[in-house]
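**Student:** With the input below, show me the fold.
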Amino acid sequence: MKVQPEALRGSTRNVAVAAVALGAVGVGYEFLRDPARAFGGLLIAGLFGVLLSLGGAIMIAVHVLGGARWWDPIREWPVALAGLLPLPAAVVALVMFAGRTSIYPWADPEVVAHSQILQDKAAWFTTPFFLSRTVVVLLIWIAFVWVMRAQLREHVAVGSEVSRKRLARTSALFIVVLAPTLSVAAWDWAMSLEPEWFSTMYGVYFFSGAFLAAIAAVAMLLPADPPHARATRLRAGVRHDIGKLLFAFSAFWAYIWFCQYMLIWYANIPEETTYFALRQSPAWVAVFWLSPVFNFVVPFVVLMPASAKRSPRLLQQVALIVLIGRWLDLYLVVAPPLAPDGGFPVGAIAATGLVLGALALIYPQGEPRTAPASALASDGHVVS
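**Tutor:** The predicted model follows:
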């Protein structure tokens, strides 16, 4: 038995429309004031949406490959998240094509002329090669998401061994392809904002953030007290499982975050420490430490008891905090090199409101659909 995402209620749609309108005004104002910050804000919003959608696709692939059945009642949420990918992908592409000269130092010939490191990387950062990588990576992700969603729908409808194996092969290939493409995307779109700095953990850092964001989004979107609760049997067991995933992958993200920070701090090599030195300057240090608090400390402490994972309201509140933490994490990646002195993130907040509002408006709508009641155990878990 499963449930589809509910149609947007009138009040929610009004909020989404207002977010789009106010976001557009805010982004326009930021473009007049500082184009670099405006493009930076769009990059933050685009990356947030792309990683959220990719996280949904990762959830589909992982559960298919693992043969998981507990997630059947809620699988429509990660499927819906994955389907939103084209819109934030278009935002990222817009920044790459129209804004790269405003935010990337390697796109400024004067900066390159005074940096031996950038001169050594010149072949990688040629404009045609850079833009080609962006287009290819985004199209590969969109194609995989489209195929996986179509094959999942087919398997749900048909339920044959052939359709299951076809979906499993596509999911396995997606995971294999995701590793290098996500790493390249992280290097190009985020790490090259500070092109003389590097980290070999950047790809897995982005992967952990994407998966964590999707888990948090699914946990927050689960109806706390849906009118069709008995029909869908969305009970504490399934919610508990989502809570455990959120708890576990907040710890995984923290492990990757700590490994990157600790290794650079311990080695204390000047060309590596510049990244954290900037983010621990007075203008950024408060936001720097707030990120691990939101992404790890809060979910780890609050979701420790089993009762907390089963509480609809509490789980939603923790999930919202984690999603704010995911945004803060991306804000810390993009904003400091563009605004070393800090300042209120007008462009980033406006662009995020614009993109999230648009995503809410195109979020799949429909009435809840259910599978036969025999497909579920009494606690809401799917049985063979």
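**Student:** Only C-alpha atoms from now on, for both contacts and neighbour counts.
**Tutor:** Fine.
**Student:** what stretches of the stretch 101-250 of the chain score poorly on pLDDT?
**Tutor:** 224-236 (pLDDT under 70).
**Student:** if you set the cut-off to 80 instead, what comes out?
**Tutor:** Within the stretch 101-250 of the chain, the stretches with pLDDT under 80 are 223-236.
**Student:** My guess is residue 213 contacts residue 54. True?
**Tutor:** No. Look at residue 213 against residue 54 with Cα atoms under 8 Å: they stay out of range, at 9.5 Å.
**Student:** Looking at these two, which is more packed in?
**Tutor:** residue 213 (32 against 28; other Cα atoms under 10 Å).
**Student:** Relative to the whole chain's centre, how far out is stretch 33-40?
**Tutor:** Relative to its chain's centre, stretch 33-40 lies at 22 Å (Cα atoms, centre = their mean, to the nearest Å).
**Student:** CA atoms only for that stretch, dumped as CSV, please.
**Tutor:** The C-alpha trace of stretch 33-40 is given here as CSV (Å, rounded to 0.1, in the frame of the first residue of the first chain):
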residue,chain,number,x,y,z
ARG,A,33,23.2,46.0,-6.6
ASP,A,34,25.8,43.3,-7.1
PRO,A,35,25.5,40.8,-10.1
ALA,A,36,28.1,38.5,-8.5
ARG,A,37,26.0,38.0,-5.4
ALA,A,38,22.9,37.6,-7.5
PHE,A,39,24.4,34.8,-9.5
GLY,A,40,25.9,33.3,-6.3
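**Student:** Can you point out the buried residues in it?
**Tutor:** Within stretch 33-40, the residues scored as buried using 16 or more other Cα atoms under 10 Å are 35, 36, 37, 38, 39, 40.
**Student:** quick one: the third one and residue 258, what's the gap?
**Tutor:** Using Cα to Cα, to the nearest Å, one obtains 28 Å as the distance from residue 37 to residue 258.
**Student:** Export the buried residues of stretch 33-40 as JSON lines, with columns for secondary structure and pLDDT.
**Tutor:** Formatted as JSON lines, the buried residues of stretch 33-40 follow (DSSP: H, G, I helix; E, B strand; the rest coil; pLDDT from 0 to 100):
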{"residue": "35", "secondary structure": "helix", "pLDDT": "93"}
{"residue": "36", "secondary structure": "helix", "pLDDT": "93"}
{"residue": "37", "secondary structure": "helix", "pLDDT": "93"}
{"residue": "38", "secondary structure": "helix", "pLDDT": "95"}
{"residue": "39", "secondary structure": "helix", "pLDDT": "96"}
{"residue": "40", "secondary structure": "helix", "pLDDT": "96"}
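**Student:** Relative to residue 11, which of the residues you listed is nearest.
**Tutor:** Within these, proximity to residue 11 (Cα to Cα) peaks at residue 38, which comes in at 28.9 Å.
**Student:** which residues does that closest one contact?
**Tutor:** 27, 30, 31, 347, 348, 351 (Cα atoms under 8 Å, 6 or more residues apart in numbering).
**Student:** unless I'm mixing things up, the last one is touching residue 48, no?
**Tutor:** No. Applying Cα under 8 Å as the test, residue 351 and residue 48 come out as separate, 10.7 Å apart.
**Student:** higher neighbour count, these two?
**Tutor:** Neighbour count, other Cα under 10 Å: between residue 351 and residue 48, residue 351 has more, with 32 against 27.
**Student:** Where does the more buried one sit, in terms of helix or strand?
**Tutor:** Using DSSP states H and E, residue 351 falls within helix 346-362.
**Student:** before we move on, what about residue 343?
**Tutor:** In the assignment (DSSP H and E), residue 343 maps to no helix and no strand.
**Student:** Pull the contacting residues for it.
**Tutor:** Going by Cα under 8 Å, 6+ apart, residue 343 touches residue 283.
**Student:** Specify the local secondary structure of the residue lying closest to residue 117 once chain neighbours are set aside.
**Tutor:** If the residues on either side of it in the chain are set aside, residue 117 comes closest to residue 196, at 6.3 Å by Cα to Cα, 6 or more residues apart in numbering. Put simply, residue 196 is coil when judged by DSSP: H, G, I helix; E, B strand; the rest coil.
**Student:** Next one: residue 196 from residue 36, what distance?
**Tutor:** On the measure of Cα to Cα, residue 196 and residue 36 end up 19 Å apart.
**Student:** Report the buried residues of stretch 269-289.
**Tutor:** For stretch 269-289, by 16+ other Cα under 10 Å, it's 272, 273, 274, 275, 278, 279, 283, 284, 287, 288.
**Student:** actually stretch 343-354, sorry about that
**Tutor:** Of all the residues in stretch 343-354, those buried under the rule 16+ other Cα under 10 Å are 345, 346, 347, 348, 349, 350, 351, 352, 353, 354.
**Student:** Verify the stated contact: the second one with residue 30.
**Tutor:** Yes. Counting by Cα under 8 Å, residue 30 is a contact partner of residue 346 at 7.1 Å.
**Student:** hmm, back to that, tell me the least confident of the buried residues of stretch 269-289?
**Tutor:** For these, the weakest pLDDT value sits at residue 272, with 88.
**Student:** Leaving aside the residues adjacent along the chain, what's closest to residue 106?
**Tutor:** Using Cα to Cα, 6+ apart and skipping residues adjacent in sequence, the residue nearest residue 106 is residue 112, 6.0 Å away.
**Student:** how deep is that neighbour tucked in, by neighbour count?
**Tutor:** By the criterion of other Cα under 10 Å, residue 112 has 17 neighbours.
**Student:** any idea which helix or strand carries it?
**Tutor:** Going by DSSP H and E, residue 112 is in helix 109-113.
**Student:** Off-centre distance for that helix?
**Tutor:** Averaged C-alpha coordinates place helix 109-113 at 33 Å from its chain's average position (Cα atoms, centre = their mean).
**Student:** Same question for stretch 262-275.
**Tutor:** For stretch 262-275, the separation from the chain centroid amounts to 27 Å (computed by Cα atoms, centre = their mean).
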